[in-house]
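Got a predicted structure here, sequence first:
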Amino acid sequence: MLIFLEPRLVLFSVPKTGTTALEQALAPRAEISFRSRPEIKHINHRQYVNQIKPLLAPLGRPAFERVAVIREPLDWLRSWYRFRARDALIGHPNSTAHISFERFLRDYLSEGERPAYARLNRQSDFLANAKGEIRIEHLYRYEALPALVEFLSQRLGIPIELPRSNVSPRAATDLDPEVEAWARAALSRETEVWQSARQAAPYSTFALSSNARTIRTIAS
């Protein structure tokens, strides 16, 4: 997470959404930087509201605007699968080197005890507040990173060039059509949030109901 005081922006680091490259490019410009260890770098929305936002309150108005990236759900899981298939993890419980993507996906979506390699949260859970609402003023699709870079460049008043970082190794992630259809149905909540995120148009904020398959748009 990076916090910029003058433009009043908080940039969240949602895992596997390209924000590592943004952090590398922008950390020198941020007055507050949470980096390095994953539990520090990847502060979620609830942690921000409960722990970080009160520390910013003495700075007064205007309020800080929240910025985040969300990735198409299956693409996000493919990225995690490839990342955990790298040679450095072979022999570790988190390794996916010797299992298929379908096995990884089924274990991830299982309602029972999941293997270590499949213990990942949902992107929507990372972005939700304590009420299950997603109130991120500037939520961008991963595929719209150029639009996000343009937005940040304008708000920070600097040109931004992104380095390539955290690139996962190649791995087969093809799925049988029936399996893919099942997975997409199970990930429908994630897909709806991703579809509603910005590409280049004006943003909206979102509220997720307790029903995992329902999402409604609320006025900005």
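Right, received. Where do you want to start? These numbers were taken from a predicted model, which means no experiment stands behind them.

Going by C-alpha atoms from here, please, whenever you check contacts or count neighbours.
Fine.

Straight-line length of stretch 1-18, end to end?
Stretch 1-18 stretches 13 Å from its first residue to its last (Cα to Cα, to the nearest Å).

taking the mean pLDDT, what do you get for that stretch?
In this model, stretch 1-18 has a mean pLDDT of 95.

Show me which positions of that stretch end up buried.
1-4, 8-18 (16 or more other Cα atoms under 10 Å).

Just name the closest of those to Leu156, please.
Phe4 (8.4 Å; Cα to Cα).

How about the closest one: what's its closest non-neighbour residue?
Setting aside the residues directly before and after it, Phe4 is nearest to Ala30 in space (Cα to Cα, 6 or more residues apart in numbering), at 4.9 Å.

thinking that neighbour is in contact with Pro7, fair?
No - applying Cα atoms under 8 Å, one finds Ala30 not in contact with Pro7, separated by 10.3 Å.

Report the distance from stretch 90-99 to the chain centre.
23 Å (Cα atoms, centre = their mean, to the nearest Å).

following the strand ranked longest in the chain, which helix or strand shows up next?
In the chain, taking DSSP state E as the definition, the longest strand is strand 65-70. Going down the chain from strand 65-70, the next helix or strand is helix 73-83, by DSSP states H and E.

list the helices and strands that following helix packs on?
Judged by 3 or more Cα pairs under 8 Å, 6 or more residues apart in numbering; DSSP states H and E, the packing partners of helix 73-83 are helix 101-108, helix 188-196.

mind giving me a markdown table with the ones you listed and columns for distance to Val179, mean pLDDT and mean neighbour count?
What follows is the helices and strands packed on helix 73-83, written out as a markdown table (distance: least, Cα to Cα, whole Å; pLDDT from 0 to 100; neighbours: other Cα atoms under 10 Å):
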| stretch | distance to Val179 | mean pLDDT | mean neighbour count |
| --- | --- | --- | --- |
| helix 101-108 | 8 | 96 | 18 |
| helix 188-196 | 14 | 93 | 20 |
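
for those, which one sits closest to Leu26?
Counting by Cα to Cα, Leu26 lies closest to helix 188-196 out of these; the figure is 24.2 Å.

what helices or strands is that closest one leaning on?
Counting contacts by 3+ Cα pairs under 8 Å, 6+ apart, helix 188-196 is packed against helix 73-83, helix 123-127, strand 215-218.

let's see it at 10 Å
If contacts are counted by 3 or more Cα pairs under 10 Å, 6 or more residues apart in numbering; DSSP states H and E, helix 188-196 sits against strand 65-70, helix 73-83, helix 123-127, strand 138-141, helix 177-186, strand 205-208, strand 215-218.

Among those, show me which one is buried the most.
Each of those was scored by mean neighbour count; the highest is strand 138-141, a mean of 24, by mean count of other Cα atoms under 10 Å.

Need the mean per-residue confidence for it.
The average pLDDT for strand 138-141 rounds to 95.
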